[in-house]
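# Please find the sequence and the predicted model below.
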Amino acid sequence: MLLITCPFCGPRDESEFACGGEAHIVRPADPAALTDAQWADYLFMRKNVKGVHFERWMHSHGCRRWFNAARDTVTHQFLAFYKMGEQAPDIAPVSYTARPAPRTDPALPADPALHTDREGAR
Ligand SMILES: [Zn+2]
């Protein structure tokens, strides 16, 4: 269970909140001047970040106010909470490298948790 800190109410259970998607998307000043592709890009295209992502959240079962949060999409750890209109915190992006190569030593089990002692279970 995640603990989310509403900037107005304090820490609460994640079940009280609803995620509103990516934060800091600015509506174009003159939508009529955009091409269909530009307008579709504004409406539908969102980042799919592996690492720090800035999101809008609503305390839907609390004060019902919107706020922003910075969350690591890999660990689900929240890094910052801040009110709408406030500057996003300067958080360095986390660099995730490729998964480590699997162990190739046949003497070692690939995952000790998967091996059980069947003799001992009888
Ligand atoms: Zn709240």
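Yes, it's here.
# Who are the packing partners of the helix or strand hosting residue 4?
Take DSSP states H and E as the rule and residue 4 turns out to sit in strand 3-6. For strand 3-6, the packing partners by 3 or more C-beta pairs under 8 Å, 6 or more residues apart in numbering; DSSP states H and E come out as strand 10-13, strand 78-83. For glycine as for every other residue, the C-beta is placed from the backbone atoms N, C-alpha and C.
# Nearest approach to the ion belongs to which of those?
Closest approach to the ion among these is made by strand 10-13 (7.0 Å; C-beta to the ion).
# Give me the contact status of that closest one with the ion.
No: using C-beta under 5 Å from the ion, strand 10-13 stays clear of the ion, coming no nearer than 7.0 Å.
# Need the residues that contact that strand.
Where contact means C-beta atoms under 8 Å, 6 or more residues apart in numbering, the residues beyond strand 10-13 that reach it are 1, 2, 3, 4, 5, 6, 59, 62.
# Would you mark the buried spots in it?
By neighbour count on 16 or more other C-beta atoms under 10 Å, the buried set for strand 10-13 is residue 12.
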